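K.L.:
Show me the folded form of this:
(one chain, ligands or ions: 1)
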Amino acid sequence: MECLICQRATDSGCLVFCGEAICSDCEMRLMEQTVDDPGYETQVRAFRLLWQRQFLATRDRHLMDGDSV
Ligand SMILES: [Zn+2]
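P.N.:
Reported below is the predicted structural model:
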């Protein structure tokens with residue numbers, strides 16, 4: 001798997017989160033990060049993309065199942 005944020009190959013100890021991996025470096029950076037830090041925007045964008053993808057996947061699954069539309 002590759003890290004959602006830095007796109008580096010992650011090791012097995014990484015955080016896996018909604019099917020996406022975040023390496024320990026990025027995880028640590030996220031924990032320490034404040035809004036004022038440079039790079040925060042990039043990470044927020046990566047997370048937004050992740051949520052969006054999760055949302056679309058969930059929605060598509062519902063559509064395919066033929067649930068009430
Ligand atoms: Zn990373």
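K.L.:
Any idea how many residues pack against E2?
P.N.:
A count of nearby residues for E2, using other C-beta atoms under 10 Å, gives 13. (C-beta placed from N, C-alpha, C; glycine too.)
K.L.:
need the residues of this protein near the ion, please.
P.N.:
C3, I5, C6, C23, C26 (C-beta under 5 Å from the ion).
K.L.:
how about those residues in a markdown table, adding pLDDT?
P.N.:
Below are these laid out as a markdown table (pLDDT from 0 to 100):
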| residue | pLDDT |
| --- | --- |
| C3 | 87 |
| I5 | 82 |
| C6 | 87 |
| C23 | 86 |
| C26 | 83 |
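K.L.:
just curious, which of those is nearest to A46?
P.N.:
Nearest to A46 among those is I5, at 4.9 Å by C-beta to C-beta.
K.L.:
give me the low-pLDDT residue ranges for this structure?
P.N.:
12-15, 17-18, 66-69 (pLDDT under 70).
K.L.:
So T34, which state does it fall into?
P.N.:
coil (DSSP: H, G, I helix; E, B strand; the rest coil).
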